[in-house]
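Undergrad: Got a predicted structure here, sequence first:
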Amino acid sequence: MSVPGSVAAQRRPRPLLSQRAEARLGPRHREVLDELEGLFLREGFSGLSVRELAASVGCSRRTLYEVAPSKEELVLIVLDRFLHRVGRSALEAIDTDDSFADQITAYFLGGMELQRLTHVFGEDLADDAAARRLFDRHYGFVMAVTEQLVTDGVASGEFRTVEPAIVAGVLAGTGMFFNQPDVQTDIGVDLEHAIEGALDLVVRSIRS
């Protein structure tokens, strides 16, 4: 699946851990990265020392330092790896033979895992400047892909003339809003249904 237009070459974040570098890691190191991802998503990362991280995933501190020289860099690698994985799933959900409306919907639903971040993980992300900058780079890519799909939809006549960046911002921000526990409680709708409803509302509103 190719990224719409030239977005891939221009905006897709470069992985912190390249495929070649990850391939050089041993199987246990890759397992540890997977386990750390699950741990961070469940419990956050700010309050855990390297010793506690190692104990939580059943490895030595040396194993962690073989992946990254510091906890800060380890957090970024785990986060970046997660964001790239979810991003690939979102892109692979797009069928370029579908309408642009369906492509946009498929893209956001394909990346639904990104919208299910726990509250504690979200708080840690907000408080960690380096992690937030990394997240924002990936968020920028989501915006760029969405803008391109809207632009192509306008050019094809499927969508009326709109500002693609505004549509992309509304859609990209929707998941973050609905992911707040208090919001889900107040509206009485689960996350997936809330996002599906928002997608339908926004996409329907820009159709010609």
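TA: Sure, I can see it. Numbering: from 1, shown residues only.
Undergrad: so where is this protein shaky, pLDDT-wise?
TA: Scanning the chain for pLDDT under 70 picks out 1-10, 181, 184.
Undergrad: Now do the helices in it.
TA: Here the chain has its helices, by DSSP state H, at 7-11, 19-24, 27-43, 50-57, 61-67, 71-92, 100-110, 119-127, 129-156, 164-178, 181-187, 191-206.
Undergrad: Show me which positions of the third one end up buried.
TA: Of the residues in helix 27-43, 29, 32, 33, 35, 36, 37, 39, 40, 41 count as buried by neighbour count, 16 or more other Cβ atoms under 10 Å. In short, each C-beta sits where N, CA and C put it, glycine included.
Undergrad: out of the residues you listed, which one sits closest to residue 131?
TA: Using Cβ to Cβ, residue 40 comes nearest to residue 131 of the buried residues of helix 27-43, at 9.8 Å.
Undergrad: is it true that the closest one touches residue 121?
TA: Yes. Here residue 40 reaches residue 121: they are 6.2 Å apart, a contact under Cβ atoms under 8 Å.
Undergrad: Give me the number of neighbouring residues for residue 132.
TA: 15 (other Cβ atoms under 10 Å).
Undergrad: Please report how far it lies from residue 81.
TA: 17 Å (Cβ to Cβ, to the nearest Å).
Undergrad: Residue 103 too?
TA: Distance from residue 103 to residue 81, by Cβ to Cβ: 26 Å.
Undergrad: Tell me the backbone dihedrals of residue 68, please.
TA: Phi and psi for residue 68, reported as degrees, to the nearest 10, are phi -150, psi 150.
Undergrad: Contact partners for it?
TA: 74, 76, 77 (Cβ atoms under 8 Å, 6 or more residues apart in numbering).
Undergrad: same check, this time on residue 76
TA: Contacts of residue 76 by Cβ under 8 Å, 6+ apart are 16, 68, 130, 131, 134.
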